[in-house]
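Undergrad: pasting the sequence and the predicted coordinates here, then a few questions.
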Amino acid sequence: MNPVEIIKKIKDRFPEDVLWFRCFRDQCDLTIKREKIKEILSYVKNTPLLEFNYLVDLTAVDYLGFREPRFDVIYIIMSIKHKHRLIIKAQVPEHGCCIDTVSDLWATANWFEREVFDMFGIFFKGHPDLRRILLPEDWNGYPLRKDYPVISDLGDKEWEPFRELKEAGKGWREDES
């Protein structure tokens, strides 16, 4: 089955839920309604001839200032048996910034979803342990959002361990002496 046939099979099963798709050099991606993410991913995982049994990656993109819905949650999946690869995207708005978890479909989604939550602030409904995974629990904000400050001047509101690290690092570079 080639990538276009895979897309057609998904579109035939979910005609109202596939928003658009594109293929380039045998790599296809499709954008679907976020409300159907779990149902569609379950379908592509459990349907014979598809059997996308491997979640390669799950990430997000912030399109602040370019379009609304602001975020895409991106699932890169693969069928090891059939050697198929597919990218499925779901658009998530800034307000009501959540999507269903798929951690019950692929165990690796647990950590991927926690990372997306930690970095983008996207909530995964039904996740068994949605908490920060890279940053401390008391961290404010989501560093991969486009509106996150690149350079901050928070003064004494700055996170204490970070402030200590900055002070300790002063003078380490030759051009700072």
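TA: All right, it came through fine.
Undergrad: every contact and neighbour count from this point should use C-alpha atoms.
TA: Fine.
Undergrad: spit out the contact partners of Ala90.
TA: 31-34, 37, 72-74 (Cα atoms under 8 Å, 6 or more residues apart in numbering).
Undergrad: over to Glu51?
TA: Applying Cα under 8 Å, 6+ apart, the residues near Glu51 are 44-45, 79, 81-82.
Undergrad: in ChimeraX, how would I select the buried members of those residues?
TA: Selection of the buried residues among these in ChimeraX, burial being defined by 16 or more other Cα atoms under 10 Å:
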select :44,45,79
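Undergrad: assign a three-state SS to the most centrally placed residue in the chain, would you?
TA: Nearest to the geometric centre of the chain sits Thr59, at 2.4 Å (Cα atoms, centre = their mean). With DSSP: H, G, I helix; E, B strand; the rest coil as the basis, the three-state label of Thr59 is strand.
Undergrad: who does it bridge with?
TA: As for beta bridges, Thr59 partners with Ile74 under DSSP bridges.
Undergrad: surely it touches Val73?
TA: Yes: with contact defined as Cα atoms under 8 Å, Thr59 counts as touching Val73 (5.8 Å).
Undergrad: once you drop chain neighbours, what's closest to Gly126?
TA: Leaving aside its sequence neighbours, Gly126 sits nearest to Thr101 (Cα to Cα, 6 or more residues apart in numbering; 5.7 Å).
Undergrad: cool, and Thr31?
TA: Lys89 is the one closest to Thr31 (Cα to Cα, 6+ apart), at 4.6 Å.
Undergrad: ok, that neighbour - contacts?
TA: Contacts of Lys89 (Cα under 8 Å, 6+ apart): 29-32, 72-75.
Undergrad: tell me the mean pLDDT over the host helix or strand of Met78?
TA: Using DSSP states H and E, Met78 maps to strand 71-79. Summarised as a single mean, pLDDT over strand 71-79 is 98.
Undergrad: give the other helices and strands that that strand contacts.
TA: In terms of contacts (3 or more Cα pairs under 8 Å, 6 or more residues apart in numbering; DSSP states H and E), strand 71-79 is packed against strand 54-62, strand 84-92.
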